[in-house]
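A.B. asks: Build me a model:
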Amino acid sequence: MNHIAAGTLFKSYAHWVKATTLVWRVPVSEDGELTSPQRKFKLHYSGGSHMHVTGKGVEGAEDWVPLRIAGLNIPADVMAKYPHLYGSTHLEIEPQYLDKVREWCRGQVAVSVESHTGRVLDCTGVQLAGMLDDLYYTDEPLGDHYCKQTQSHVISVWAPTAQKVELLHFWELRGGQADVHTMKKNEKGVWSFRRPGDWKDTAYKYRVTVFCPWTNQIETVEVTDPYSRCTTGNGERSLLVDLNSPALMPPGWWEHRVPGLTHWTDVSVYELHIRDFSATDPSVPHHLHGKYRAFCRQHLYPNEPRRLSHGLAHLKSLQEAGLNHIHLLPSYDFGSVPERPEEQAYVQEDLSQYPPDSERQQQVILSIADRDAFNWGYDPVHYGVPEGSYSTAPDGPMRILEYREMVQALHSLGLRVVLDVVYNHTFASGPYSQNSVLDKIVPGYYHRRQEDGEMCHSTCCNNTASEHRMFERLMIEDITHWARHYRVDGFRFDIMGHHFISNMTAIRNALNSLALERDGVDGRHIYIYGEAWDFGEVALNQRGRNASQHNLGGSRIGAFNDRMRDGAMGGSPYQPPDCQGFATGLATDPNGAHHQGSAQEQLATLLHRTDWVRFALAGNLKDFEAVVADGRLLAGQHDTYHGNQPLAYGCDPAENVVFNGCHDNEAIFDQASAGGGLVFMRSSAGLYAVQRCCPEPCANKQR
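C.D. replies: So this is what the prediction gives:
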């Protein structure tokens, strides 16, 4: 039977969770009892990735050490971080082996188990994230930075599993040959190179040699810097820039007034896509269609400083009516749009010749959808870089200046600016895609994995692992980077429920620490909110206490209130679009949809859904009491939503984002048209957002 493999290294069921601790869901003995003859566990290593599994077990290893059985279940501190591994066998590395095995993360690692008689039973690969957090976490500067200690410029990247990292420096932004420089690694896995001061506005990449669990071999890849602050077009190379250079700041940048906000419950939000804002506006010069500078009067009409484009006039009218925040759909560097205009595809056909119900318009648009200038942008590549397709010059630092001009222009209209941030997934992963960044540098670390080692995809693709310390650090530093260097006023977290309360609390604390005198912004006034949907592998706290609706009470972090949406508009994202609600004629103006039941059943549903609206308008407070449809006096947390969820879950009105529609699913007009009439309303407690969100997003958020 030696030809039958005893396990596989293409799965990674074993988890190296601390420096000396591994866990694996394999019984310690034939009957699972410690009193019975115990099985033998081994940790194997190959620096050249030569291991494979046969009926004899792991072959091709360069070294191995025994693992001691320490218990039938994982320790309490491991359980707190990895609750989904409950019930796994606790294995320990003896202290005398620790200095040797800590370097094994730089190669292929496996665990095997044998019976007490020496027969190989199983073998598997190993997930390293916990061990990397325990031994290699660092807070030292990363990316391009100035080192006061050595009085020099340094480029650094965290790559503890890499066998070799080289810096590729380009004097040209496109083309040209790279100068190759050796980088040196310290004890925390940070590779650094002290660069000359005259490299400003030139480009670089890394060449990383590293074991990749997805291919089970050593890969040598070229990759940009995850701490990039600017890139060339399409994110092809990282760019060395000085964010404090006056050349990258509009006149009056630090002096201009940011619109004030007294209370977070005063926030009202208008969702806006940067390209859509001006792409077809005839009052905007053609070269600024879809660009950051379409918001800037000094570039729109240099000789008419008071003139407003149609879009700006509309925003100004909304501001005068009470709007105070603009939520920009993703504006970091994303990978789903070619950034250079000459690489973008355009519709060449006059689509206005076809009737509104023709299928031709969609056929034409879909034929170029992967190459045109439009996407929502939920496809992050470089979190800390402004998107280049919205810039008039994507190959260079101009995007930084233009982004700041846009923010300053919106502030001048009396509008605060909210960034849409998408830390829950990346656009790509693995060793081959140009749009893969984090996963090329430390493969398998930055992304959340199933117990068998496969990547989680519940967000749509390439779920990130914010429970890992270095990814949480990336989130915190990126958020404060946008707050400090772009003076934005809020953050809307896409699929926030896939992060954890600990992540969001750390981000809140980091923002609170920003001081006007030192950082140019008072971070205490920056509002954060997001999609606190509870689904996927993190649902019901399976991976820890996640930032979902039922966990956010008392955090003062806002969450979209789908109770308001479904009560007012009717149904849910997973029910027929002709479902009616409080604002669309349920029972009072029935549309004839048979699935809504009889007149009496519709009235009963309406009364219950009206409770959803009432509690949302009362701040979504779980302890707030009201007489509900059946005549009982109930606290919000004791009434129900869609049968089995608490109706209200908040502790503070600032945690309540009431909304009816957004870029996900049907627009309010379309849903009202399908469902019936529309009654307008506004909340007196909590935030108001014209937005409709879907608990599980579509795979690629396009048209």
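
A.B. asks: how about the residue nearest to Tyr13 when sequence neighbours are not counted, secondary structure?
C.D. replies: Residue nearest to Tyr13 in three dimensions, not counting chain neighbours: Thr124, with 4.3 Å by C-beta to C-beta, 6 or more residues apart in numbering. From N, CA and C alone the C-beta is placed, and that goes for glycine too. At Thr124 the chain is in strand, as set by DSSP: H, G, I helix; E, B strand; the rest coil.

A.B. asks: Any idea what Thr124 is bridged to?
C.D. replies: Beta bridges link Thr124 to Thr8, Val111 when assigned by DSSP bridges.

A.B. asks: One more: Trp191?
C.D. replies: Beta-bridge partners recorded for Trp191 (DSSP bridges): Val157, Lys185.

A.B. asks: which ones are touching it?
C.D. replies: Contact analysis of Trp191 by C-beta atoms under 8 Å, 6 or more residues apart in numbering lists 156-159, 162, 165, 183-185.

A.B. asks: Can you say which of these are buried?
C.D. replies: Burial by neighbour count, 16 or more other C-beta atoms under 10 Å: within the contacts of Trp191 this picks out 156-159, 162, 165, 183, 185.

A.B. asks: Now the two most distant members of the residues you listed.
C.D. replies: The largest separation in the buried ones among the contacts of Trp191, counting by C-beta to C-beta, is between Ser156 and Ala162 at 12.8 Å.

A.B. asks: Spatially central, which residue of this protein would that be?
C.D. replies: Nearest to the mean C-alpha position of the chain, by C-alpha atoms, centre = their mean, lies Tyr423 at 1.6 Å.

A.B. asks: Is it within a helix or a strand, and which one?
C.D. replies: Under DSSP states H and E, no helix or strand contains Tyr423.

A.B. asks: Would you confirm that it contacts Arg492?
C.D. replies: No: Tyr423 is not in contact with Arg492 according to C-beta atoms under 8 Å; the separation is 11.6 Å.

A.B. asks: which residues in the stretch 201-350 of the chain form strands?
C.D. replies: 203-212, 217-223, 238-239, 268-272, 325-328, 332-334 (DSSP state E, counting those that start in this stretch).

A.B. asks: Tell me where the model's unsure across the chain.
C.D. replies: 1-3, 674-703 (pLDDT under 70).

A.B. asks: residue with max distance from the center of it?
C.D. replies: Farthest-out residue of the chain from its mean C-alpha position, per C-alpha atoms, centre = their mean: Thr117, at 48.7 Å.

A.B. asks: rewinding a little: and the residue nearest to the residue nearest to the centre of the chain when sequence neighbours are not counted, how many neighbours does it have?
C.D. replies: Once flanking residues are discounted, Tyr423 sits nearest to Met475: 5.1 Å by C-beta to C-beta, 6+ apart. Other residues lying near Met475 total 21 when counted by other C-beta atoms under 10 Å.

A.B. asks: isn't there a strand covering Met475?
C.D. replies: No: looking at Met475 with three-state DSSP, it is helix, so not inside a strand.

A.B. asks: Verify the stated contact: it with Met504.
C.D. replies: No: using C-beta under 8 Å, Met475 is not in contact with Met504; the gap is 9.3 Å.

A.B. asks: residues contacting the closest residue to Leu300 other than its chain neighbours?
C.D. replies: Nearest residue to Leu300 in three dimensions, chain neighbours excluded: Ser309, at 5.7 Å (C-beta to C-beta, 6+ apart). If a contact means C-beta under 8 Å, 6+ apart, then Ser309 has 278, 281, 283-284, 294, 300 as its contacts.

A.B. asks: Narrow these to those that are buried.
C.D. replies: Neighbour-count burial (16+ other C-beta under 10 Å) is assigned, among these, to 278, 281, 284, 294, 300.

A.B. asks: quick one: which of these sit in helices?
C.D. replies: Those of those mapping onto helices are 278, 300, per DSSP state H.

A.B. asks: Just put the buried ones among the contacts of Ser309 in JSON lines and tack on distance to Glu517.
C.D. replies: Formatted as JSON lines, the buried ones among the contacts of Ser309 follow (distance: C-beta to C-beta, whole Å):
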{"residue": "Ser278", "distance to Glu517": "36"}
{"residue": "Asp281", "distance to Glu517": "40"}
{"residue": "Val284", "distance to Glu517": "38"}
{"residue": "Ala294", "distance to Glu517": "34"}
{"residue": "Leu300", "distance to Glu517": "34"}
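
A.B. asks: And the buried ones among the contacts of Ser309, which is closest to Pro251?
C.D. replies: Checking the buried ones among the contacts of Ser309 against Pro251 by C-beta to C-beta gives Leu300 as the nearest, at 16.3 Å.

A.B. asks: and the closest one, how far is that from Lys291?
C.D. replies: Per C-beta to C-beta, to the nearest Å, Leu300 is found 10 Å from Lys291.

A.B. asks: next one: Arg68
C.D. replies: 62 Å.

A.B. asks: same question, Leu552
C.D. replies: Using C-beta to C-beta, Leu552 is found at 36 Å from Lys291.

A.B. asks: now do Ser358
C.D. replies: Counting by C-beta to C-beta, the gap from Ser358 to Lys291 is 31 Å.

A.B. asks: Settle it for me: which of these two has more neighbours?
C.D. replies: Neighbour tally, Ser358 and Lys291, criterion other C-beta under 10 Å: the higher count belongs to Lys291, 24 against 11.

A.B. asks: hang on, Leu67 packs against Leu91?
C.D. replies: Yes: judged on C-beta under 8 Å, Leu67 makes contact with Leu91 at a distance of 4.2 Å.

A.B. asks: Mind listing the shared neighbours of these two?
C.D. replies: Common contact partners of Leu67 and Leu91 (C-beta under 8 Å, 6+ apart): 22, 41, 111.

A.B. asks: Quick one: buried ones out of those residues?
C.D. replies: Using 16+ other C-beta under 10 Å as the burial test, the shared contacts of Leu67 and Leu91 include 22, 41, 111 as buried.

A.B. asks: Assess the claim that the second one and His116 are in contact.
C.D. replies: Looking back up the chat, that one is Phe41. No: the criterion here is C-beta under 8 Å, and Phe41 misses it with His116 at 11.7 Å.

A.B. asks: Kindly reformat the contacts of Ser309 as a markdown table and extend each row with distance to Arg518.
C.D. replies: Below are the contacts of Ser309 laid out as a markdown table (distance: C-beta to C-beta, whole Å):
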| residue | distance to Arg518 |
| --- | --- |
| Ser278 | 36 |
| Asp281 | 39 |
| Ser283 | 41 |
| Val284 | 38 |
| Ala294 | 33 |
| Leu300 | 35 |
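
A.B. asks: now, among those residues, which is nearest to Ala672?
C.D. replies: Asp281 (25.9 Å).

A.B. asks: distance between whichever strand or helix holds His481 and the chain's centre?
C.D. replies: Element membership of His481 [criterion: DSSP H and E] is helix 469-486. Offset of helix 469-486 from its chain centre (C-alpha atoms, centre = their mean, to the nearest Å): 12 Å.

A.B. asks: next one: stretch 182-197
C.D. replies: 28 Å.

A.B. asks: and if you look at stretch 664-676?
C.D. replies: For stretch 664-676 - counting by C-alpha atoms, centre = their mean - the centre lies 28 Å from the chain centre.

A.B. asks: Could you do stretch 68-82 as well?
C.D. replies: Relative to the centre of its chain, stretch 68-82 is centred 29 Å away, using C-alpha atoms, centre = their mean.

A.B. asks: What of stretch 491-507?
C.D. replies: In this view, stretch 491-507 has its centroid 9 Å away from the chain centroid, taken as C-alpha atoms, centre = their mean.

A.B. asks: Done for today, thanks.
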